[in-house]
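Student: mind folding the following:
(one chain, ligands or ions: 1)
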Amino acid sequence: MNDVPDFLRRFVTDPLTRLLMSVWRPTDTSMRRWALASVIGNAGIVVTGVTVRVTNSGLGCSQWPECNGGSLVPIAHPEHSPLNQGIEFGNRLLTFVVLALGAACFVAALRLVPRRRALLRIAAVQPGWVIVQAVWGGLLVLSDLHPAMNAGHFLLSSGLLAAAVALYMRSMEGDGPPRRIVHRDIRNLAFVLVGAVFVLLAAGTVVTGSGPHGGDDKAPRFAFSIEDVARIHADLAYLVVGLTFALLFALHVTDAPGRARRAALVLLAVELAQGVIGYAQYFLAIPPLLVALHALGSTLVWIAALRVVFLLRRRSPLQPPAPAAELVTGPSGTAPAPEVTVIASATDRAGANGTAEYARGDLPTP
Ligand code: HEM
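Tutor: The predicted structure is shown next:
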């Protein structure tokens, strides 16, 4: 190792060391970045999972946990093309990526100083959930890609994604009690909206289960007419868009803070784009590329809807580490002021910021 030039050694070791240290000695920023990476990873695996389906690779590896012929990795097989095996096996490998991201979030939350119990609790959900998903994926293969199992796989992924989004949003705020920044009815409307989006996702999986992309020619299909279920699915999409309009209107007339209105506007934009993709794929006889795009769109709609709920309330912001000078209040040589003084002043600062950002329509939390 001594003959390796210094710059090369640093290039190889530093990024890795920094990466490991960002988990082992996390800061608020690295905690947030790991949470964001997990959101991206979990959204990404939904799209690669759909790619498996639309390329007819669902049974590329027809066994689980082995691929084919008792081998853990793809081997030459008369019934399974190398491409199909590669796609399905590649998607299986991605499980380890989301597992690593979930584990990184958990270890970072565990090592964060000071410990934030709420973050730790949310982060603890992820690794276990990934394992449940891996087992579910195996059962999906063993069921010959039954559409109900496929729907469950998708919806479980949406739950995991929600946990990742919650971790990310919570890692950006402090642990003070939540304070609503909109009227209670508006917040309730946002909850209803999130529920409606989930029902819309579930209905989408029924359309998929009745459509041509089962992941393999032998995959069973629901006995519904695709036109009927697609119509119900599209009607639900209209309902979701209507609820989002209602939310935006309510936020507007109550002069709600900008961040809440922007979040609802982003949600509406993603929904409209997703609706256009939905109709395009329906009228173009469900081409694989658009199906993958539609799956990406549905994860974005889900993330945007969850984000709205988090942005309708506030907690005290994360407290920046107090500068050393602030910790010593008395003249040099005297004992430092009690820690309470510092905490109180930090909270005051946070309170002043918070109040300044509130708009006219802000309502006090009972
Ligand atoms: C905000 C609006 C929408 C959302 C969030 C959404 C969500 C979804 C989801 C989650 C799936 C299942 C994906 C899977 O199982 O892999 C799906 C499938 C589908 N959606 Fe939508 N959708 C929306 C709007 C629409 C609209 C307006 C149409 C028009 C008819 C449409 C047509 C379809 C079709 C045809 C499928 C089945 C594709 C396949 O065979 O895999 N969607 N949608």
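
Student: put the alpha carbons of stretch 268-283 into PDB.
Tutor: The C-alpha trace of stretch 268-283 is given here as PDB (Å, rounded to 0.1, in the frame of the first residue of the first chain):
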ATOM      1  CA  LEU A 268     -51.500  19.300  -8.200                       C
ATOM      2  CA  ALA A 269     -48.800  19.600 -10.900                       C
ATOM      3  CA  VAL A 270     -47.600  16.100 -10.400                       C
ATOM      4  CA  GLU A 271     -51.100  14.700 -10.400                       C
ATOM      5  CA  LEU A 272     -52.000  16.500 -13.700                       C
ATOM      6  CA  ALA A 273     -48.800  15.200 -15.300                       C
ATOM      7  CA  GLN A 274     -49.600  11.700 -14.100                       C
ATOM      8  CA  GLY A 275     -53.100  11.900 -15.400                       C
ATOM      9  CA  VAL A 276     -51.800  12.800 -18.900                       C
ATOM     10  CA  ILE A 277     -49.400   9.800 -18.800                       C
ATOM     11  CA  GLY A 278     -52.300   7.600 -17.600                       C
ATOM     12  CA  TYR A 279     -54.600   8.600 -20.500                       C
ATOM     13  CA  ALA A 280     -51.700   8.400 -23.000                       C
ATOM     14  CA  GLN A 281     -50.800   4.800 -21.900                       C
ATOM     15  CA  TYR A 282     -54.500   3.800 -22.000                       C
ATOM     16  CA  PHE A 283     -55.100   5.100 -25.500                       C
END
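
Student: does it come close to the ligand?
Tutor: Yes: using CB under 6 Å from any ligand atom, stretch 268-283 comes into contact with the ligand via 271, 274, 275, 278, 279, 281, 282. Just so you know, the C-beta spots here come from the backbone N, C-alpha and C atoms, and that holds for glycine as well.

Student: now these: which count as buried?
Tutor: With neighbours counted by 16 or more other CB atoms under 10 Å, these contain buried members at 271, 274, 275, 278, 281, 282.

Student: so which bits of the chain are right by the ligand?
Tutor: By CB under 6 Å from any ligand atom, the residues of the chain that approach the ligand are 50, 154, 200-201, 204-205, 207-208, 211, 213, 230, 233-234, 237, 240, 271, 274-275, 278-279, 281-282, 286, 291, 294-295, 298, 301.

Student: quick one: the strands in this structure, in order.
Tutor: Taking DSSP state E, the strands of the chain run over residues 179-180, 313-314.

Student: as CSV, these with mean neighbour count and mean pLDDT would be great.
Tutor: Listed next are these as CSV, based on neighbours: other CB atoms under 10 Å; pLDDT from 0 to 100:
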stretch, mean neighbour count, mean pLDDT
strand 179-180, 16, 92
strand 313-314, 20, 93
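
Student: against the ligand, how distant is residue 41?
Tutor: 18 Å (CB to the nearest ligand atom, to the nearest Å).

Student: skip the chain neighbours and tell me the closest residue to residue 216.
Tutor: Of all residues not flanking residue 216 in the chain, residue 59 sits nearest, at 4.2 Å (CB to CB, 6 or more residues apart in numbering).

Student: what sits against that neighbour?
Tutor: Each residue near residue 59 by CB atoms under 8 Å, 6 or more residues apart in numbering is listed here: 80, 84, 88, 141, 144, 145, 215, 216, 218, 219.

Student: let me see the backbone angles for it.
Tutor: phi -110, psi 20 (degrees, to the nearest 10).

Student: quick check: the gap between it and residue 291.
Tutor: 18 Å (CB to CB, to the nearest Å).

Student: check what pLDDT residue 14 gets.
Tutor: Confidence at residue 14, expressed as pLDDT, is 83.

Student: that one: neighbour count?
Tutor: Residue 14 sits with 10 neighbouring residues when counted by other CB atoms under 10 Å.
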